[in-house]
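>>> Here is a sequence together with a model predicted from it:
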Amino acid sequence: MAVATRLIGRGLTFAVAESLTGGLIASRLVNVPGISSWFRGGVVAYQSQIKFDVLGVPEGPVVTEPAAAAMAEGVARVMGAEVGLGITGVAGPDDQEGVAPGTVFVGLSLPGESTQTRRLQVPGDRERVRQYGAISALDLVRRSLDARED
């Protein structure tokens with residue numbers, strides 16, 4: 001897996017906080033042999049209160065870029081990882097917090113850098129939104145690690 005190769009090559013550990021994807025990202029990662037050398041773990045924080053209490057997301061809307069950033073930072077802190085990934089959004093079929101289905105927010109915390117976020121609009125039904133969200137989040141990690149001058 002491309003993300004694993006990059007993390008191992010840089011000697012970085014990784015953790016993920018998932019809401020929208022409900023564990024899909026962690027599930028993809030555990031298929032990689034030797035994962036325990038770099039993957040610290042994940043938190044599936046589906047309910048807002050878990051985001052607040054466990055990950056330190058500020059009280060308020062949780063389907064936002066700032067919430068995704070706080071999830072990334074929080075999971076890195078809780079798991080003791082250098083790289084943290086957070087993902088939240090709306091799989092559908094209904095809006096949530098005034099946000100349309102297919103909207104995905106990703107946060108990525110890398111050592112020595114400001115936490116970055118992305119807002120994505122992905123097509124499809126609930127399952128496709130979740131799958132595309134997971135793939136897009138991992139692609140952001142890959143691209144961001146490639147851009148680093150380690």
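Nice, I can see it.
>>> How much space separates residue 84 from residue 130?
Residue 84 sits 20 Å away from residue 130, going by Cβ to Cβ, to the nearest Å. Any C-beta I mention is one placed from the backbone N, CA and C, and that applies to glycine too.
>>> More neighbours: which of these two?
Relative neighbour count places residue 84 above the other of residue 84 and residue 130, with 29 against 24, counting by other Cβ atoms under 10 Å.
>>> what about the closest residue to the more buried one other than its chain neighbours, how many residues close to it?
Once flanking residues are discounted, residue 84 sits nearest to residue 76: 2.9 Å by Cβ to Cβ, 6 or more residues apart in numbering. By the measure other Cβ under 10 Å, the count of residues near residue 76 is 27.
>>> before we move on, what about the one 3 residues further on?
A count of nearby residues for residue 79, using other Cβ under 10 Å, gives 18.
>>> Quick check, it in contact with residue 54.
No - if you go by Cβ atoms under 8 Å, residue 79 and residue 54 don't touch, sitting 10.8 Å apart.
>>> Between these two, which contacts overlap?
residue 43 (Cβ atoms under 8 Å, 6 or more residues apart in numbering).
>>> helices and strands around the longest helix along the chain, which ones?
Criterion DSSP state H: the longest helix present in the chain is helix 126-147. Judged by 3 or more Cβ pairs under 8 Å, 6 or more residues apart in numbering; DSSP states H and E, the packing partners of helix 126-147 are helix 2-10, helix 24-29, strand 83-89, strand 103-109, strand 116-121.
>>> Excluding chain neighbours, what is closest to the most centrally placed residue in the chain?
Nearest to the geometric centre of the chain sits residue 86, at 2.8 Å (Cα atoms, centre = their mean). Once flanking residues are discounted, residue 86 sits nearest to residue 71: 2.8 Å by Cβ to Cβ, 6+ apart.
>>> So, low pLDDT: which residues of this structure?
Along the chain, segments meeting pLDDT under 70 span 149-150.
>>> just to revisit the earlier point, same for the host helix or strand of the residue nearest to residue 86, what does it pack against?
Using DSSP states H and E, residue 71 sits within helix 65-79. If you count contacts as 3+ Cβ pairs under 8 Å, 6+ apart, helix 65-79 packs onto strand 14-18, strand 39-44, helix 48-53, strand 83-89, strand 103-109, strand 116-121.
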